[in-house]
Structure formats: structure tokens, C-alpha cells
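Q: predicted structure and sequence below. I'll ask about it afterward.
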Amino acid sequence: MADAWHHRSDALSSVGAMIGIAGARLGYPILDPVASVVICIFIGKAAVDVFRDALDKMVDKACDDETVQKMMDSAMTVMGVKQIDDIKTRMFGAKVYGDIEIAAKGNLVLVESHEIAENVHLSIEKNFPDVKHCMVHVNPLPETENQKNDPECL
């Protein structure tokens, strides 16, 4: 990214210098300092953009809230997922890594819990092409009085 901005700023500097010199030679000496100021603004903007991008990557910036909500909605469509306990995302370059904790019935055997987790994993990676990897953890859903009589939870 920095290299691309470097080439862009070189091209803009050359064009700006040419306009400034041509203007000064044609009797408009004010164009030379104006072109210099415009070139400085372009270079400053490039520096700020590169700095912000680097800072976001260094601090493990999370995905935007809308993407996180869509990931949660996608996970909730998987059969066996009762609720989302937690979700964390982080950007790594242009890719996203996700960690999601889901709750499923507490009396499932390990194979069933693993299948639910795998389906959530596949759902998120299929529906979100920018996701490089999604780690899924399954928590047992605590049994409440209402669930004791619910045939789906037995």
C-alpha cells in the first residue's frame, strides 16, 4: 500500500510541478507555490492513510458491527445452536479471523456437539469470503425449569 501511494505521489508531484512551472512561465507566478501546497496535501493524506491502516493491523482491529451481527445470524441458522454466548473478530490484512462461542443442548454427546460446531464453522466461512478461519467453541446450555419439560431439550 505504501509503495502504491509512493508511485501515486510521484506522479502527482510531477504533474503539479509541471503545472506550477508552466503557470509561472506564462505569467502566473502564484501557481508555483499553490502547486507545492497541493502536492504536500496529497503526500500528507497518503501518509495518514498508510499510518491508520498499519495501526489497525497492529492492534487487531475487529470487524464492523454489521458484519459481526450477520455472522451471529448465520450461526443461529445452524440446527442445534440455541444461542450465541460470545463472538470476537480480528482483521489480519484483508482477511478476518473469528472466534465464536455457541450454546447447544447440555446433554449432547461429543460427536453431536462437534457436528454442530463444524456446521457453524462451515456456514461462516462459506457465507463470508473474507473470513480466513473461524474457531467455534460449544458450551452446554444450562438447564432451566422450562427446559426440563421441553421435548427438544430432552
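A: Sure thing, it's come through.
Q: contacts and neighbour counts: CA atoms only from here.
A: Fine.
Q: most centrally placed residue in this protein?
A: residue 63 (3.6 Å; C-alpha atoms, centre = their mean).
Q: who's in contact with that one?
A: By C-alpha atoms under 8 Å, 6 or more residues apart in numbering, residue 63 lies in contact with 89-91, 96.
Q: now do residue 142
A: For residue 142, the contacting residues are 105-106, by C-alpha under 8 Å, 6+ apart.
Q: state the distance from it to residue 104.
A: 9 Å (C-alpha to C-alpha, to the nearest Å).
Q: what's the closest non-adjacent residue to residue 134?
A: Once flanking residues are discounted, residue 134 sits nearest to residue 98: 4.5 Å by C-alpha to C-alpha, 6 or more residues apart in numbering.
Q: host element of the one you found?
A: strand 95-105 (DSSP states H and E).
Q: quick one: the helix or strand harbouring residue 47 to chain centroid distance?
A: Following DSSP H and E, one finds residue 47 within helix 31-58. Chain-centre distance of helix 31-58: 24 Å, with C-alpha atoms, centre = their mean, to the nearest Å.
Q: phi and psi next, for residue 141.
A: Backbone torsions of residue 141, given as degrees, to the nearest 10, read phi -70, psi 130.
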